[in-house]
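**Student:** just to be clear, the model below is a prediction. Sequence and coordinates:
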Number of protein chains: 2
Amino acid sequence: MARNVEFDESAAIQKAMEIFWKKGYNATSLRDLIDAMQINSSSLYNTIGGKQELFVRCVQHYTDIRAQDWDKRLASKRSPLDVLIEYINEAVNIIINGEDSCMAVKSAFEVATNDERVKQILAADDQRSYQFLYKLIKKSMDKGEISSDEDPALLADYFNSTWTGWYESYILHKDPVKIKRMAEYFIKQLTK
Amino acid sequence: MARNVEFDESAAIQKAMEIFWKKGYNATSLRDLIDAMQINSSSLYNTIGGKQELFVRCVQHYTDIRAQDWDKRLASKRSPLDVLIEYINEAVNIIINGEDSCMAVKSAFEVATNDERVKQILAADDQRSYQFLYKLIKKSMDKGEISSDEDPALLADYFNSTWTGWYESYILHKDPVKIKRMAEYFIKQLTK
DNA sequence: CCAATTCTGAAACGTTTGTTTCAGAATATT
DNA sequence: AATATTCTGAAACAAACGTTTCAGAATTGG
């Protein structure tokens, strides 16, 4: 016997995420958020909660999308090495063409140190990223597509972290060739 | 015929740097800063300038210290490979034992996108870091301490960015073994 | 010691911050 | 259609923000 929520919550989260992604947590004001979300602050506080809670949901949303992407790629019927190389190349393109760095990386450095919930969401995300790489590397080794000389877990860990530095490099130097050559080298190391 | 500045500017910058380093730019308030610096805000505005200017100086100070360290290491008379490996191991220890991530990395993601001056300071710092690695790798190759199969410039670029991901990993997982194993793998790749 | 200059301390500045309030509009159930 | 419930919009909240002001203390060179 009552009124329903008027605004589309998941669309609003998406909009808020884009703002947080671009400006970071602390540089984003609530006014920035409600302008983008097109809702009143009272609605925000009634449904989602305050700024922190909203940010947690945005980070969660961001990592959910990534998890879906990894699952989709893992379900591919193509060779695991092809999937892996395609993933690396697409990731490079995102770094080079994307407007902003990875939100998970930015948030890890800005927020995860002080907010336990954000840290746990990002740690879980990083773990899934690791698992994604590990599975592809392991399968490639089992199929003989790449050498089994190295521990697949170590390689997965190594690339999973390598990743982050490419974003920093691109922020500072905006040099696409540099990123591409590092990615080439990585693939070469892997397939050698 | 006038009074002199009372406070030690470089000591105050050092204190401010520690606060910015720990909390990041946006999460640090001017009150945090003047409490740590033990000066009045009027003195700050008269001598250094506002918050942005102070931050720029702190980042500059941070990168100056790093530059000195690299110069000192390059002047060492020991073998370049030893110097490089020692540097990597000490860096790992800083990641594992340090209270906060590298200020240059944090600032790159939080501030460099929006502040051209900070971006340029950090880009110059990154360039010096690259040069440091490049010189050691090149010398090691010339002396035959490591294989010359790879382009030293590429290797230097590659490690220089690899670096950053180890900080992120440690923030999220606080797993020293993981970092150590990645460093071992890196050294192995280098000396192989 | 005087005069000229500059620095310091405390208070206040107008904004902006994240959050709350509440009257009234809106709707689902009966 | 009446009623009970809930959502929305605009305004207001205190607190904190970065910055400025200025009277007076301090120190220099003459």
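**Tutor:** Everything's here; your move.

**Student:** every contact and neighbour count from this point should use C-alpha atoms.
**Tutor:** Fine.

**Student:** is any residue of stretch A:59-79 near chain B?
**Tutor:** No: using C-alpha under 8 Å from any C-alpha of the partner chain, stretch A:59-79 never reaches chain B; the gap is at least 14.3 Å.

**Student:** how about the residue most central in space within chain A, secondary structure?
**Tutor:** The residue lying closest to the centre of chain A (C-alpha atoms, centre = their mean) is residue A:104, at 5.0 Å. Put simply, residue A:104 is helix when judged by DSSP: H, G, I helix; E, B strand; the rest coil.

**Student:** near DNA strand C, which residues of chain A are found?
**Tutor:** A:1-4, A:26, A:28-31, A:41-42, A:45, A:50-52 (C-alpha under 7 Å from any atom of the strand).

**Student:** what residues of stretch A:68-88 count as buried?
**Tutor:** Buried residues in stretch A:68-88, counted by 16 or more other C-alpha atoms under 10 Å in any protein chain shown: A:70, A:73-74, A:80-81, A:83-85, A:88.

**Student:** who touches the residue nearest to the centre of chain A in this structure?
**Tutor:** The contact partners of residue A:104, by C-alpha atoms under 8 Å, 6 or more residues apart in numbering or on different chains, come to A:59, A:62-63, A:122.

**Student:** how near is it to residue A:122?
**Tutor:** Separation of residue A:104 from residue A:122 (C-alpha to C-alpha, to the nearest Å): 7 Å.

**Student:** shared neighbours, those two?
**Tutor:** Contact criterion C-alpha under 8 Å, 6+ apart; residues shared by residue A:104 and residue A:122: A:59, A:63.

**Student:** helix or strand: which one has residue A:31?
**Tutor:** helix A:30-37 (DSSP states H and E).

**Student:** from the contact counts, what lies against that helix?
**Tutor:** Applying 3 or more C-alpha pairs under 8 Å, 6 or more residues apart in numbering or on different chains; DSSP states H and E, one finds that helix A:30-37 makes contact with helix A:9-23.

**Student:** hmm, who's touching the helix it packs on?
**Tutor:** Contacts of helix A:9-23 (C-alpha under 8 Å, 6+ apart): A:28, A:32-34, A:36-38, A:54-55, A:57-59, A:61-62, A:100, A:102-103.

**Student:** now do the same for the residue nearest to the centre of chain A: its pLDDT.
**Tutor:** pLDDT for residue A:104: 98.

**Student:** so residue A:136 makes contact with residue A:80?
**Tutor:** Yes: counting by C-alpha atoms under 8 Å, residue A:80 is a contact partner of residue A:136 at 5.2 Å.

**Student:** what is the lengthiest helix in chain A packed up against?
**Tutor:** Identified as the longest helix of chain A according to DSSP state H is helix A:116-142. Other helices and strands packing on helix A:116-142, by 3+ C-alpha pairs under 8 Å, 6+ apart, are helix A:51-74, helix A:80-97, helix A:103-110, helix A:152-173, helix B:152-173.

**Student:** format these as JSON lines; extra columns: distance to residue B:186.
**Tutor:** Compiled in JSON lines, the helices and strands packed on helix A:116-142 are given as follows (distance: least, C-alpha to C-alpha, whole Å):
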{"stretch": "helix A:51-74", "distance to residue B:186": "26"}
{"stretch": "helix A:80-97", "distance to residue B:186": "20"}
{"stretch": "helix A:103-110", "distance to residue B:186": "22"}
{"stretch": "helix A:152-173", "distance to residue B:186": "9"}
{"stretch": "helix B:152-173", "distance to residue B:186": "8"}
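
**Student:** among the ones you listed, which comes closest to residue A:130?
**Tutor:** helix A:152-173 (5.9 Å; C-alpha to C-alpha).
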